[in-house]
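A.B. asks: Just a sequence and a predicted model for now, questions to come.
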Amino acid sequence: MKKFFILTLISAVFLSFNSFAQQDKSKRVSPPDSVSQKIKSGATITINYSKPSVKGRKIGTEIAQYGKVWRTGANEATTFQVTKDVKVEGKALPAGKYSLYTIPGEKEWVVIFNKNWKQWGTQYKEADDQLRVTVAPEKAESFNEQMQFKIAKHGEVSLSWGDVEVEFEVK
């Protein structure tokens with residue numbers, strides 16, 4: 001009887017995990033999105049992320065808290081991939097795939113490129129950082145309920161969410 005109970009419990013856990021892993025990502029509350037652009041330097045930048053919504057909350061206090069590492073998206077870690085070595089805000093970033101984190105602030109945001117990209121978004125380890133750059137946030141031209149990334153051909157990457165816009169230059 002004890003063996004039957006243990007086998008049943010293991011089966012239930014396995015089936016639950018398998019069901020979770022197989023779920024349709026398009027039906028999530030924070031839907032997946034991606035953006036890709038070949039920039040002037042010849043490198044292609046690709047960002048894969050999930051789009052959280054503001055839902056009436058205040059950025060900096062209720063969500064994406066000031067002074068704390070934020071996963072910069074929802075669900076799995078947001079990934080930032082470049083096909084060639086580039087400079088981000090003048091600092092070298094080797095070609096490769098990274099998870100993208102930020103530390104939001106009223107006057108500056110720290111943008112973090114972390115070497116461990118294949119993870120759930122909340123599993124950040126500072127020891128795995130490849131690069132950190134600091135940029136000033138701006139007031140967005142219009143309110144964006146869902147977070148979104150854009151990449152311009154000249155290499156400007158922008159993150160817009162709520163009434164905040166954060167931009168960094170990739171060359």
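C.D. replies: That came through, no problem.
A.B. asks: Helix or strand next in line after the worst-scoring helix or strand of the chain on mean pLDDT, which one?
C.D. replies: Within the chain, confidence by mean pLDDT, DSSP states H and E is lowest for helix 2-21 among all helices and strands, at a mean of 45. Going down the chain from helix 2-21, the next helix or strand is strand 32-38, by DSSP states H and E.
A.B. asks: What residues of that next one count as buried?
C.D. replies: Residues Asp33, Gln37 are the ones in strand 32-38 that count as buried (16 or more other C-beta atoms under 10 Å). (Each C-beta comes from the backbone N, C-alpha and C, glycine too.)
A.B. asks: from the chain's centre, how far out does it sit?
C.D. replies: 12 Å (C-alpha atoms, centre = their mean, to the nearest Å).
A.B. asks: In its sheet, which strands sit next to that strand, and in what direction?
C.D. replies: strand 44-50 (antiparallel) (DSSP bridges).
A.B. asks: what residues does the strand it pairs with touch?
C.D. replies: The contact list for strand 44-50 (C-beta atoms under 8 Å, 6 or more residues apart in numbering) reads 25, 28, 30-39, 72-76, 78-83, 86, 100, 147, 149, 151, 155, 157, 170.
A.B. asks: by contact count, what packs against the helix or strand following it?
C.D. replies: Proceeding N to C from strand 44-50, the next assigned helix or strand is strand 79-82, under DSSP H and E. Counting contacts by 3 or more C-beta pairs under 8 Å, 6 or more residues apart in numbering; DSSP states H and E, strand 79-82 is packed against strand 44-50, strand 96-103.
A.B. asks: okay if I get those strands as TSV plus mean neighbour count, distance to Gly121 and mean pLDDT?
C.D. replies: Converted to TSV, these look like this (neighbours: other C-beta atoms under 10 Å; distance: least, C-beta to C-beta, whole Å; pLDDT from 0 to 100):
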stretch	mean neighbour count	distance to Gly121	mean pLDDT
strand 44-50	20	8	98
strand 96-103	21	8	98
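A.B. asks: could you dump those to a markdown table with distance to Asn114?
C.D. replies: Converted to a markdown table, these look like this (distance: least, C-beta to C-beta, whole Å):
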| stretch | distance to Asn114 |
| --- | --- |
| strand 44-50 | 14 |
| strand 96-103 | 4 |
